[in-house]
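Trainee: Next input, structure requested:
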Amino acid sequence: MAEKHVLERIEEAASYIASRSSIRPEIGLILGSGLGVLADSLEEAVTVNYSDIPHFPVSTVEGHAGELLLGKIGGRPVLLMKGRFHMYEGYQGETVTFPIRVMKKLGITGLLVTNAAGGVNTSYDPGDLMLISDHLNMTGTNPLIGPNHKELGVRFPDMSEGYSKRLRTIAKEIAAAQGLKLQEGVYAGLLGPSYETPAEIRMLRVLGADAVGMSTVSEVVIARHSGIEVLGISCISNMAAGILDQPLSHEEVMETTDRVKQQFLKFVIQLIPQM
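Mentor: I've put the predicted structure just below:
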């Protein structure tokens, strides 16, 4: 049997998710390593396992639960992904970003993406939150490669405002009111899964990167192709290779995100109703 057309796959996944709850989400949330704690704040929450959703991939990374939740935060209906997909898991760009297509089909107009990232900017400290102002796609690929389906977006989408200025202004106002130190900078997305070398980090700094990670970029490209407004936040979980004389580990990433999660939670819970 021929593989189903991408539009059919999106329709089937969206229909299944919609059948599980009467909530019609307006905001999508994708939570990175160790940041799934936000799910505990959902009101009227319904949990759907990725493995139950037609055509959905499965998350294989520690710290990524592999669940989708429908509920409300501050009265705002949201769809929350606990765990995302990465190309280093062996998935193609279209598969990694499939959930964004499904969000659009469900009527979502705004997306909050979060990630744990390495600090490239030497003025940053582990535990800082960084508002993403722009990104560098260093993955060597693009999730829009292949035929363009005009029902989903234009062939050549504009990326001059990948990360919404409007939402960044709101985020900065909330952070100031909370007395939260909020950095703002450029996120470099690499393929992974090996951490970067000290030489690669020096290169990224020259290119203008402030933080580095292995996710987010493809999701944002597809969100903008879909006409979804995006806000991105990185939790600086460690300093990138070569800045401190020590090796990098996923354990350190999880420890740092655990330490800042209450701060992160308070910030995001106030942010979502205003998106």
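
Trainee: who are the neighbours in contact with I30?
Mentor: Listed by CB atoms under 8 Å, 6 or more residues apart in numbering, the contact partners of I30 are M81, R84, P99, L111, L112, V113, T114, E219. Any C-beta I mention is one placed from the backbone N, CA and C, and that applies to glycine too.

Trainee: and the two most separated of these?
Mentor: Using CB to CB, the contacts of I30 span at most 14.5 Å, a distance reached by P99 and T114.

Trainee: the strands in the stretch 101-250 of the chain, which residues?
Mentor: For the stretch 101-250 of the chain, strands defined by DSSP state E, counting those that start in this stretch occupy the ranges 110-119, 129-138, 182-190, 211-213, 229-239.

Trainee: Mind putting the ones you listed into TSV with mean pLDDT and distance to T197?
Mentor: Shown next, in TSV, are the strands of the stretch 101-250 of the chain (pLDDT from 0 to 100; distance: least, CB to CB, whole Å):
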stretch	mean pLDDT	distance to T197
strand 110-119	95	12
strand 129-138	97	13
strand 182-190	98	11
strand 211-213	97	11
strand 229-239	93	14
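
Trainee: would JSON lines of those strands with mean neighbour count and distance to E44 be doable?
Mentor: Converted to JSON lines, the strands of the stretch 101-250 of the chain look like this (neighbours: other CB atoms under 10 Å; distance: least, CB to CB, whole Å):
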{"stretch": "strand 110-119", "mean neighbour count": "26", "distance to E44": "19"}
{"stretch": "strand 129-138", "mean neighbour count": "20", "distance to E44": "27"}
{"stretch": "strand 182-190", "mean neighbour count": "23", "distance to E44": "30"}
{"stretch": "strand 211-213", "mean neighbour count": "26", "distance to E44": "32"}
{"stretch": "strand 229-239", "mean neighbour count": "25", "distance to E44": "23"}
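
Trainee: okay, the ones you listed in CSV with distance to L7 next?
Mentor: As requested, these are exported to CSV (distance: least, CB to CB, whole Å):
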stretch, distance to L7
strand 110-119, 20
strand 129-138, 25
strand 182-190, 27
strand 211-213, 30
strand 229-239, 23
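
Trainee: Among the ones you listed, which comes closest to G93?
Mentor: Of all the strands of the stretch 101-250 of the chain, strand 129-138 comes closest under CB to CB, at 10.6 Å.

Trainee: quick one: which helix or strand includes the closest residue to I108 other than its chain neighbours?
Mentor: With CB to CB, 6 or more residues apart in numbering as the criterion, I108 has its nearest non-adjacent residue at 4.5 Å, and that residue is G28. Assigned by DSSP states H and E, G28 belongs to strand 27-31.

Trainee: now the angle from that strand to strand 110-119?
Mentor: 20 degrees (axes from the mean of the first three to the mean of the last three CA atoms, to 10 degrees).

Trainee: and the next helix or strand after strand 27-31, average pLDDT?
Mentor: Downstream of strand 27-31, the next assigned helix or strand under DSSP H and E is strand 43-49. On average, the pLDDT along strand 43-49 is 94.

Trainee: what lines up beside the very next helix or strand once past strand 43-49 in the sheet?
Mentor: Per DSSP H and E, the first helix or strand lying C-terminal to strand 43-49 is strand 67-73. Strand 67-73 pairs in its sheet with strand 43-49 (antiparallel), strand 76-82 (antiparallel), by DSSP bridges.
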